[in-house]
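1. need a 3D model of the following:
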Amino acid sequence: MVDKDSSNIPVLILGGHENALSILRSLSRHGIPVSFSATEGRPITFSRYGNKQYIIPLGADVFDYWSELLLGRPHPELNGHLIFGCGDDAVQFLAENREELEKYYLLDEFIPEIHLAMLDKKETLRLAKKIGIGTPRTWKVDAGSSIEELTSQNIEYPVIAKPVNSLVFRTRFNGKKYLRADNQAELIANLKAASEKECDVIISEFIPGPDTLLSSFYTYIKSDGTPLFQFTKRVLRRFPPNHGGACYHITDWDQETAELGMKFFQGIGLRGMANIEFKKDPRDNQLKVIECNPRFTAAHELLVRSGMDIAYLIHQHMSGKFVPYTDSFRSNMRLLYPVNDYLAFRTMRQKGEITFPQWIASLAHPQVFPFFRLLDPYPSIHHFLKHFRTQEKKTKG
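-> Reported below is the predicted structural model:
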């Protein structure tokens, strides 16, 4: 067992992207020794912060690398570190190896079976339905379904093919979160593509309405069943609109989102940290589950800057210190991905959904950026250059 009686327990961050960078900066400013293991070229590897770096070579299997790093025992200097998993791969690795890992390292109070269930989108929806929480309508179809079978199920388009395992799906579909189909022919093509790439998918209805109907709830539930904190935020824009990653967030306490999120997490017996996203369905005015993440999310810097530094709260709690419950944070704080938000604006303007003055007015607020920090500029410079080169290749291609 690892001794918790220290307020300065070192931390090891596994995986992640901008969330890992945010945690590294935040905990380092608190004087906590932080090391990390990330794939070569990730923005965190260019940060001025961090004790030690354990860089995963491009193309290497992260599970093999972390097994050698943490279970092969070549790095005794990592003994006693509190491990934070920042990506789905890290969550899976920690859950599958908890029993062996906690002999040498400190892990939070998560229950492996529950965290693994939340990585499975089909199981997440099943659990939500069991608890009595709204979910999008789904249909049981696959690549072998005939046209007659598809027709007989009265599928209402548009629909989306959502991955059962997001980590595998995004790797094989170049970062896409799901595949949208506006008609039967597109659905058949999507099912075939998923089958060819050996990705299990769920066919789900597409909840209509703008991205502003999306809201998220964050919490950490301690071993005694009580929450360490509660936090909610909303999405203002995504790119591409209605089906891409969020590019503009805002902090806002939403009581309905918090109550439904806590109902879900208490219902499944969660311990540790998790986030759940809902979308309000304008057809019945009910919140419907979109996805669940048993980890820190991409918007982590927004939480830190709004006064809800959840990684630090969890660190202090796991260090054995008394940490009072909190749901206090600054409202109307905004997190902006500038390039993607501009691209979202262009797409929405073409559809008549926003004007240039409206877009400018929405940006006329103090902004938080996921990568940029004046005292730690290199991660954001690297990210911008990489993003620019990617877009340039797409344009030439």
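2. which stretches of the stretch 251-397 of the chain form strands?
-> For the stretch 251-397 of the chain, the strands defined by DSSP state E, counting those that start in this stretch cover 272-281, 286-293, 334-336, 367-368.
3. need the ones you listed in JSON lines (columns: distance to Tyr65 and mean pLDDT).
-> All C-beta atoms are positioned from the backbone trio N, CA, C, and that covers glycine. As requested, these are exported to JSON lines (distance: least, Cβ to Cβ, whole Å; pLDDT from 0 to 100):
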{"stretch": "strand 272-281", "distance to Tyr65": "24", "mean pLDDT": "98"}
{"stretch": "strand 286-293", "distance to Tyr65": "22", "mean pLDDT": "96"}
{"stretch": "strand 334-336", "distance to Tyr65": "30", "mean pLDDT": "98"}
{"stretch": "strand 367-368", "distance to Tyr65": "32", "mean pLDDT": "97"}
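4. for those strands, give me a markdown table that also has mean neighbour count and distance to Tyr105.
-> Converted to a markdown table, those look like this (neighbours: other Cβ atoms under 10 Å; distance: least, Cβ to Cβ, whole Å):
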| stretch | mean neighbour count | distance to Tyr105 |
| --- | --- | --- |
| strand 272-281 | 23 | 15 |
| strand 286-293 | 21 | 22 |
| strand 334-336 | 22 | 31 |
| strand 367-368 | 18 | 31 |
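5. can I get the ones you listed in JSON lines with distance to Glu99?
-> As requested, the strands of the stretch 251-397 of the chain are exported to JSON lines (distance: least, Cβ to Cβ, whole Å):
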{"stretch": "strand 272-281", "distance to Glu99": "16"}
{"stretch": "strand 286-293", "distance to Glu99": "23"}
{"stretch": "strand 334-336", "distance to Glu99": "37"}
{"stretch": "strand 367-368", "distance to Glu99": "38"}
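6. those: which one's closest to Arg237?
-> Nearest to Arg237 among these is strand 334-336; the distance by Cβ to Cβ comes to 9.3 Å.
7. against which helices or strands is that closest one packed?
-> Strand 334-336 sits against strand 245-251, helix 300-305, strand 367-368, with contacts defined as 3 or more Cβ pairs under 8 Å, 6 or more residues apart in numbering; DSSP states H and E.
8. need these in TSV (columns: distance to Tyr49).
-> Converted to TSV, the helices and strands packed on strand 334-336 look like this (distance: least, Cβ to Cβ, whole Å):
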stretch	distance to Tyr49
strand 245-251	23
helix 300-305	14
strand 367-368	18
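9. most packed of these?
-> Among the helices and strands packed on strand 334-336, helix 300-305 has the highest mean neighbour count (mean count of other Cβ atoms under 10 Å), at a mean of 24.
10. correct me if wrong: Gly87 contacts His17.
-> Yes - judged on Cβ atoms under 8 Å, Gly87 makes contact with His17 at a distance of 7.4 Å.
11. and those two? Which one has more around it.
-> Regarding Gly87 and His17, a neighbour count based on other Cβ atoms under 10 Å identifies Gly87 as having more, with 22 against 19.
12. now do stretch 159-167: distance to the chain's middle.
-> 14 Å (Cα atoms, centre = their mean, to the nearest Å).
13. span of it from start to end?
-> Counting by Cα to Cα, to the nearest Å, the length from the leading to the trailing residue of stretch 159-167 is 21 Å.
14. middle-most residue in this protein, spatially?
-> Taking Cα atoms, centre = their mean as the criterion, Thr297 is the residue nearest the geometric centre of the chain, at 3.7 Å.
15. now do the same contact list for that residue.
-> If a contact means Cβ atoms under 8 Å, 6 or more residues apart in numbering, then Thr297 has Asn19, Ser216, Tyr218, Asn275 as its contacts.
16. out of these, which sit inside strands?
-> In this view, those that belong to strands under DSSP state E are Ser216, Tyr218, Asn275.
17. just give the nearest non-adjacent residue to the second one, would you?
-> Leaving aside its sequence neighbours, Tyr218 sits nearest to Phe231 (Cβ to Cβ, 6 or more residues apart in numbering; 4.3 Å).
18. alpha carbons of stretch 15-24, as CSV, please.
-> Output for stretch 15-24, consisting of C-alpha atoms alone and laid out as CSV, is shown next (Å, rounded to 0.1, in the frame of the first residue of the first chain):
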residue,chain,number,x,y,z
GLY,A,15,-2.1,10.0,-22.0
GLY,A,16,-4.6,12.8,-22.8
HIS,A,17,-4.1,16.0,-24.8
GLU,A,18,-5.1,19.5,-23.7
ASN,A,19,-6.5,18.1,-20.5
ALA,A,20,-3.2,16.6,-19.6
LEU,A,21,-1.4,19.9,-20.3
SER,A,22,-3.8,21.8,-18.1
ILE,A,23,-3.3,19.4,-15.2
LEU,A,24,0.4,19.5,-15.6
